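**Q** Sequence and predicted model, in that order:
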There are 2 protein chains.
Amino acid sequence: MQIAMVLYDRFTALDIIGPYEALSRLPDAQVDFVAETAGPVRADTGFLAITADKALADVPRPDILVVPGGPGTFAEIENETLLEWLRTADTTSTWTTSVCSGSLLLAAAGLLDGRRATSHWLTLDFLQQYGAEPTGERVVPDGKYITAAGVSSGIDMGLTLVGKIAGDEHAQAVQLLTEYDPQPPYDAGSPQKAPAHLVEEFRANSRFSLV
Amino acid sequence: MQIAMVLYDRFTALDIIGPYEALSRLPDAQVDFVAETAGPVRADTGFLAITADKALADVPRPDILVVPGGPGTFAEIENETLLEWLRTADTTSTWTTSVCSGSLLLAAAGLLDGRRATSHWLTLDFLQQYGAEPTGERVVPDGKYITAAGVSSGIDMGLTLVGKIAGDEHAQAVQLLTEYDPQPPYDAGSPQKAPAHLVEEFRANSRFSLV
């Protein structure tokens, strides 16, 4: 089972490492980190590079696609090479997935037309512009498409997909192995739960520019 | 504030990317991925390489150390170059931290003598051999030392440390930005919660060999 983990300039690292850590532990997994050109690809913070071991063209028919988000998403929406690869790979994939603003790339490629989908809470509204139906849920399956909300939600998406492919017990084993028993020190992980002024600051783009 | 993210052969990627995603969003963060030799370092699955932008010797006095775990830990326990770097860096660090079996490296370097510490649930018992006092909690602060349990617990550790350094509001902002509102599809993330036979299988090392 070939799993293509897509990288592009200024992706968010946890978006892709979350699903990778779960999906790489599927039976018979062959994971390939891919980018337009093979070589190191730098994440949004500038502090981290992950190696794309293969170019997109080297992996034309993966069984599973995982597309991360990040501030680089908006540049990639104009990248016809990437969008065309997504369209072609999707014709034979068994699962086409995204985390965070990665869903905008699937949507821009025309793959989410009329489908329920999610994205980072700050980019959720953009989905509609590309024909998808935004929902605020954390992991949103619609047929073979699974989109996840912001950044850390890719862990939940990855485990969900492991369960669909290899069964609940295997997914539970992966959860136990990765000791995924979250105990966040705060309860501010969604716009509904976080202090309202933080949500407002992000919406006004005054604090960070991750997405 | 210089943050050294330590890499070594067969580390577990989420161990280090979890804390990275939180700590890199500290004010004035300068994050350096480091390894004995600069260059790509391959993770435990073999499917992923992260670039060490600098060699250990280039980053002698980081403010924060983060040491991940993974199946490679046991080889590194014999690596006197790494252990000596940890000892030296620790003399001036403000925070010395680990995730998963990374705590065994801190302990082997003599940094956790008599301290409360944690590790991946499968490697917790080893801590005692190196003079630490193992506890089953997810994030264990003891003075400037913070150890975290297996793999995904580094996210909780990273957010906890952001709160200690930059205050609760900044940590909440990071949690909101990374949409860390976990909704695991199963409740099997600790040996207390997972089906007992899975725990037994792991202890017998029959299913995976991550740690």
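**A** Looks like it came in fine. Everything quoted here is computed from the prediction, not taken from an experiment. Numbering: from 1, shown residues only, chains lettered A, B, ... in the order given.
**Q** Once you drop chain neighbours, what's closest to residue A:163?
**A** Leaving aside its chain neighbours, residue A:163 sits nearest to residue A:171 (3.7 Å; criterion: CB to CB, 6 or more residues apart in numbering or on different chains). C-betas here are computed from N, CA, C, even on glycine.
**Q** typo on my end, it should be residue A:199
**A** residue A:191 (4.7 Å).
**Q** Who are the contact partners of that neighbour?
**A** Residues in contact with residue A:191 (CB atoms under 8 Å, 6 or more residues apart in numbering or on different chains) are A:121, A:199, B:176.
**Q** In helices only, show me these.
**A** A:199, B:176 (DSSP state H).
**Q** Neighbour-wise, give me the winner out of the contacts of residue A:191.
**A** When neighbours are counted by other CB atoms under 10 Å in any protein chain shown, residue B:176 leads those with 27 neighbours.
**Q** hang on, isn't that residue packed against residue A:186?
**A** No. Using CB atoms under 8 Å, residue B:176 is not in contact with residue A:186, being 9.1 Å away.
**Q** picking up where we left off before, is the residue nearest to residue A:199 in a helix, a strand, or coil?
**A** Assigned by DSSP: H, G, I helix; E, B strand; the rest coil, the conformation of residue A:191 is coil.
**Q** and residue A:165, helix, strand or coil?
**A** Taking three-state DSSP, the label given to residue A:165 is helix.
**Q** just checking, it touches residue A:26?
**A** Yes. Between residue A:165 and residue A:26 there is a contact at 6.0 Å, judged by CB under 8 Å.
**Q** Correct me if wrong, but residue A:98 is in a strand.
**A** Yes. According to three-state DSSP, the state of residue A:98 is that of a strand.
**Q** Quick check: which element contains the residue nearest to residue A:163?
**A** helix A:168-177 (DSSP states H and E).
**Q** Quick one: list the elements packing against that helix.
**A** Using 3 or more CB pairs under 8 Å, 6 or more residues apart in numbering or on different chains; DSSP states H and E, the elements in contact with helix A:168-177 are helix A:153-166, helix B:196-203.
**Q** Figure out which of the ones you listed is closest to residue A:37.
**A** Proximity of these to residue A:37 was assessed by CB to CB; the nearest stretch is helix A:153-166, lying at 23.8 Å.
**Q** Run the chain-centre distance for the one helix or strand residue A:103 maps to.
**A** Here residue A:103, judged by DSSP H and E, is contained in helix A:102-108. Mean C-alpha position of helix A:102-108 versus that of the full chain (CA atoms, centre = their mean, to the nearest Å) differs by 10 Å.
**Q** quick one: contacts of it?
**A** A:6, A:15, A:66-69, A:73-74, A:76-77, A:82-83, A:86, A:96, A:98, A:112, A:117-119, A:123, A:126-127, A:130-132, A:145, A:147.
**Q** Narrow these to those in helices?
**A** Per DSSP H, the contacts of helix A:102-108 map to helices at A:15, A:73, A:74, A:76, A:82, A:83, A:86, A:126, A:127.
**Q** Below-threshold pLDDT in chain A: ranges please.
**A** Residue ranges of chain A with pLDDT under 70: A:206-211.
**Q** Now the residue nearest the centre of it. Nearest residue, chain neighbours left out?
**A** Taking CA atoms, centre = their mean, the centroid of chain A lies closest to residue A:99, which sits 2.1 Å from it. Take residue A:99 and drop its neighbours on the chain: the residue closest to it by CB to CB, 6+ apart is residue A:154, 3.7 Å away.
**Q** dump the residue contacts of that neighbour.
**A** A:14, A:15, A:16, A:17, A:18, A:19, A:66, A:68, A:99, A:100, A:148 are the contacts of residue A:154 under CB under 8 Å, 6+ apart.
**Q** Around the first one, how many other residues sit close by?
**A** Using other CB under 10 Å, residue A:14 has 29 other residues around it.
**Q** For the nearest residue to it once chain neighbours are set aside, give me phi and psi.
**A** Excluding its sequence neighbours, the residue lying closest to residue A:14 (CB to CB, 6+ apart) is residue B:21, at 4.2 Å. Here is the backbone geometry of residue B:21 (degrees, to the nearest 10): phi -60, psi -30.
**Q** What is the neighbour count of residue B:21?
**A** Residue B:21 - counted by other CB under 10 Å - has 30 other residues nearby.
**Q** residues contacting it?
**A** Counting by CB under 8 Å, 6+ apart, residue B:21 touches A:12, A:13, A:14, A:151, A:152, B:155, B:158, B:178.
**Q** May I see those organised as JSON lines, with distance to residue B:204 added?
**A** Formatted as JSON lines, the contacts of residue B:21 follow (distance: CB to CB, whole Å):
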{"residue": "A:12", "distance to residue B:204": "37"}
{"residue": "A:13", "distance to residue B:204": "34"}
{"residue": "A:14", "distance to residue B:204": "32"}
{"residue": "A:151", "distance to residue B:204": "35"}
{"residue": "A:152", "distance to residue B:204": "32"}
{"residue": "B:155", "distance to residue B:204": "29"}
{"residue": "B:158", "distance to residue B:204": "32"}
{"residue": "B:178", "distance to residue B:204": "36"}
